[in-house]
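# Requesting a structural model of the entry that follows:
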Amino acid sequence: MNTWSAEKMARYSRQVILPDIGMEGQQRLANARVLIIGMGGLGSPAALYLAAAGIGRLGLADFDTVALHNLQRQVLHDTTRVGQSKLDSACDRLKTLNPEIKLERYDEGITVDNAIDIFSKYDLIVDGSDNFPTRYLVNDAAFLTGKPLIYGSIFQFEGQASLFNPTGKGPCYRCLFPNMPKPGSVPNCEEAGVIGALCGIIGNIQAMEAIKWIVGLGDSLCNQLLVIDVLTMNFRKLNLKKDPDCPLCGSHPAIKTLTSENYQFSCHAGMNDDTGIVEQDTSNAAPPAIDVKKAKTWLIAEDKPFLLDVREVHEVAICKIEGSHHIPMNDVINHLSDLPKEQAILVYCHHGMRSLKVVELLRKNSFAKATNMTGGIEAWAINCVPDMQRY
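Numbers count the residues shown, from 1 in each chain. Reported below is the predicted structural model:
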């Protein structure tokens, strides 16, 4: 620290004068290597405050591009960046904020093939991912490489945060949730919504936990789950215990390496081409699900289906598929008599999760020709109508 310039000392002066940090703590931050996964709602505030705090090396992992609907909560980006790589946007913003830090980017995101190698280069992992497969992959990779993991999640008006330390005797994420939920059983933020400011709260808590861990101050969220309800401003801490039967960190672990079959389900099931397509049920006149490219062909055929949009009114105002009939998902049960039983029904929503539930409902009520359009209107926009407004 004695060789630091006056300008550098001035930058961190408000931290250095804190008795619990001081010059020694600031040097620990400068020597630290932190990997942030996802430059979205959680990764945005976490990256901004870790960069501002003087973390010496930040690894940034994301494969996505900036979309207009991101800007309500992903404060790392701005309107001029829409359509650009999130990593391009993130690196430019963080370098402007603090040109002294070193940034390492991983444009392919975190995968089964690269997770172990990437994690081994860092001291601490901050998980800002927004889907279950990545969350489980990150947890497993952190445990297998012995890296502390700072977990965060958000949903509507509730957020959670914790710190999982694989070198201690505490739990991992799988101790709380041993297995991924089934597709469609848990709505994601794109289907259920999230208030932007909540992302800032949880992301900044993750940044604070990282700083505390690196410097060695205060009490961490290790062995605890912080649960926040911003509508009531109720903050609760739940004690967590290690599950002796945990498939990863338990007494007889079943997960010893990263294998792709453990991370198959995606919150964006059916997003690209025929991902997540259900095999055709030959006992019915229509398949349970088809991808958007097959749907496009079907909709111009002579025996085209009845097209049912089960999104909410405000979603339809953003974009819709021409010729569709609108009934929100929760109202479908009250409008069964308005739907044709002899004609095939093609159902779509935003990403294909709500429409999946509607198709299951229709088939249970003798609509044997009900079919889900996997990937929803998001996949339709990407694959069929590129200039359609996405959200």
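# going forward, measure contacts between C-alpha atoms and count neighbours the same way
Fine.
# Remind me which helix or strand Lys237 belongs to.
Lys237 is part of strand 234-239, with elements assigned from DSSP states H and E.
# tell me what that strand is packed against?
Packing partners of strand 234-239 (3 or more CA pairs under 8 Å, 6 or more residues apart in numbering; DSSP states H and E): strand 224-229.
# Contacts for the strand it packs on next, please.
With CA atoms under 8 Å, 6 or more residues apart in numbering as the contact definition, strand 224-229 has outside contacts at 157-163, 234-240.
# circling back to that earlier point, dump the strand holding Lys237 to CSV, restricted to CA.
Extracted in CSV, the C-alpha atoms of strand 234-239 (Å, rounded to 0.1, in the frame of the first residue of the first chain):
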residue,chain,number,x,y,z
ASN,A,234,-39.4,-7.9,6.7
PHE,A,235,-35.9,-9.3,6.9
ARG,A,236,-35.6,-12.9,8.3
LYS,A,237,-32.6,-15.1,8.8
LEU,A,238,-33.1,-18.8,8.8
ASN,A,239,-30.5,-21.3,10.2
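# how far is that strand from where the chain is centred?
How far strand 234-239 lies from its chain's middle: 23 Å, per CA atoms, centre = their mean, to the nearest Å.
# now stretch 358-366
On CA atoms, centre = their mean, the centre of stretch 358-366 falls 30 Å from the chain's centre.
# Also stretch 88-106?
The chain centroid and the centroid of stretch 88-106 are separated by 21 Å, computed with CA atoms, centre = their mean.
# Dump that stretch to CSV, restricted to CA.
In CSV, the C-alpha atoms belonging to stretch 88-106 read as follows (Å, rounded to 0.1, in the frame of the first residue of the first chain):
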residue,chain,number,x,y,z
ASP,A,88,-19.1,-5.5,-23.8
SER,A,89,-21.5,-3.2,-21.9
ALA,A,90,-20.3,-4.4,-18.5
CYS,A,91,-16.6,-4.1,-19.3
ASP,A,92,-17.0,-0.6,-20.7
ARG,A,93,-19.1,0.5,-17.7
LEU,A,94,-16.8,-1.0,-15.1
LYS,A,95,-13.6,0.3,-16.7
THR,A,96,-15.1,3.8,-16.7
LEU,A,97,-16.0,3.4,-13.0
ASN,A,98,-12.6,2.0,-12.0
PRO,A,99,-9.9,1.8,-14.7
GLU,A,100,-7.4,0.2,-12.3
ILE,A,101,-9.2,-3.2,-11.9
LYS,A,102,-8.5,-6.1,-14.2
LEU,A,103,-11.4,-7.7,-16.0
GLU,A,104,-11.6,-11.2,-17.4
ARG,A,105,-14.5,-12.1,-19.6
TYR,A,106,-16.1,-15.4,-20.4
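# Break this structure down into its structural domains.
Using automatic domain parsing, the domain ranges for the chain come out as 32-263, 289-383.
# can you redo the ones you listed as a markdown table with distance to Gln26?
Shown next, in a markdown table, are these (distance: least, CA to CA, whole Å):
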| stretch | distance to Gln26 |
| --- | --- |
| domain 32-263 | 8 |
| domain 289-383 | 45 |
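# Output these in CSV; the columns should cover mean neighbour count.
Output for the domains of the chain, formatted as CSV (neighbours: other CA atoms under 10 Å):
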stretch, mean neighbour count
domain 32-263, 19
domain 289-383, 19
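# Any chance of JSON lines for those domains, columns mean pLDDT?
Formatted as JSON lines, these follow (pLDDT from 0 to 100):
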{"stretch": "domain 32-263", "mean pLDDT": "94"}
{"stretch": "domain 289-383", "mean pLDDT": "95"}
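# Fine by me, we can end here.
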